[in-house]
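Q: what shape does this take:
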Amino acid sequence: MELKKGIIYIPRKGKRGPVKFLGICLRPTDCEVMAIDGIQRGYRASKYTFACVVTSDGADSERSGRYAKATDKRMAQVVMAEQKRAANIGRYNSVYFMNYSTDEVKDQENEDIINEYVEIIKELKPRILYTYSLLDRNPLHVAVAVKVINALRTMKRGDQPKVLYGCESERDLEWVNQDKIVTFNISKNMRLQRQLISAHKSANISRDYVNATIGRRLVNAVFNKDEKKKSAKLTAKAINMTTLLRRKELPIKRYAMSFIDDLYSDINDMMDRTL
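A: The predicted model follows:
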C-alpha cells in the first residue's frame, strides 16, 4: 500500500514475517515507551514481528540544546531518523510514518487518519494492537486512541485484532482498580529497553526519558499486586479496551468514565469499612 502523505520504512536490521504485534502512536518515541510488551515479544519471537505506526510528523516535538532553534521541517527530519534508529535496534518489521500534523490529529472531523488506520490494519493483520489508554493526560494521545477505536469499529470482526490494549503513557494507571489492569512482565532485556529510548536523542536532551521510563517500570513491578507476576523485576500496565470493539454501541466516553466510577466506589467502600 501507499500512504497518502507519508512513507513506509523497512528497517535494514528488521525481522521478516507476519506482524502479530502493532503499535499505533502519535509521535516518534511513543511506541518505545508504551508498546514495549509488543516490541519485546516481536524481538524474541521466531515467527512473528512487531510494527509501528507513527501518526504525526513530529514537527512540533520538544526541542532544546542543539535543536533549540530547529525549524519544524528540520525537527520532523530529526525525529524520523531517530525512530528509524529505534526500529533497527528493536528489529521491527516496519514503521509507517503517516506524517499528519497534530492539528489534523486533533480534528474530530478528519476521517483521513481513520481510513488510513483501517488500510494499515487490514494489510498487516495484527493479532494484538497497542495504543494509548483513553485515560491519558495528553489530549493528542486520547485523540489517537479514539481514532484507532473508530477505525476498528468500521471493520468486520474477522479483520480486527483479537486484543486492543490502551497503554500507560503520560498518565500512569496506578489508580485504576486492579481487576481492570493488564500487567505485562517485561523483565527481560533491560539493555534493549534502554537502547530503544536512548535512540531518541533529541527528546532526551531536555528530559531523562530513559531513566524515567525504566524507573516507572521498576516502580510498577515493586508495587505490583498481580500474584502471577510477583517475581517480575520490570512491568508495564495497560487496560484491555477490546470490549469497545465487541460492543460498538458502547459510548467511548461512558467507557472511560466507568474507571472513575470504579475508583469512587472502591474508595467509598474503604471509607465505610474504616470510619
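
Q: got a list of contacts for stretch 247-258?
A: Residues from elsewhere that reach stretch 247-258, judged by Cβ atoms under 8 Å, 6 or more residues apart in numbering: 134-135, 146, 149, 153, 241, 243-244. For every residue, glycine as well, the C-beta is placed using N, CA and C.

Q: now, which of those lie within helices?
A: Counting by DSSP state H, the contacts of stretch 247-258 place 146, 149, 153, 243-244 in helices.

Q: hang on, the earlier thing: out of the contacts of stretch 247-258, which end up buried?
A: Buried by 16 or more other Cβ atoms under 10 Å: 134-135, 146, 149, 153, 241, 244, out of the contacts of stretch 247-258.

Q: strands of the stretch 151-275 of the chain, start to end?
A: Listed in chain order, the strands of the stretch 151-275 of the chain (DSSP state E, counting those that start in this stretch) span 163-167, 182-185, 235-240.

Q: redo those strands as TSV? Include mean pLDDT and mean neighbour count.
A: Shown next, in TSV, are these (pLDDT from 0 to 100; neighbours: other Cβ atoms under 10 Å):
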stretch	mean pLDDT	mean neighbour count
strand 163-167	98	25
strand 182-185	95	20
strand 235-240	96	22
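
Q: what's the closest of those to V176?
A: V176 lies closest to strand 235-240 among the strands of the stretch 151-275 of the chain, at 6.5 Å (Cβ to Cβ).

Q: and the closest one, how far out from the chain's middle?
A: Relative to the centre of its chain, strand 235-240 is centred 11 Å away, using Cα atoms, centre = their mean, to the nearest Å.

Q: now stretch 154-161
A: Relative to its chain's centre, stretch 154-161 lies at 20 Å (Cα atoms, centre = their mean).
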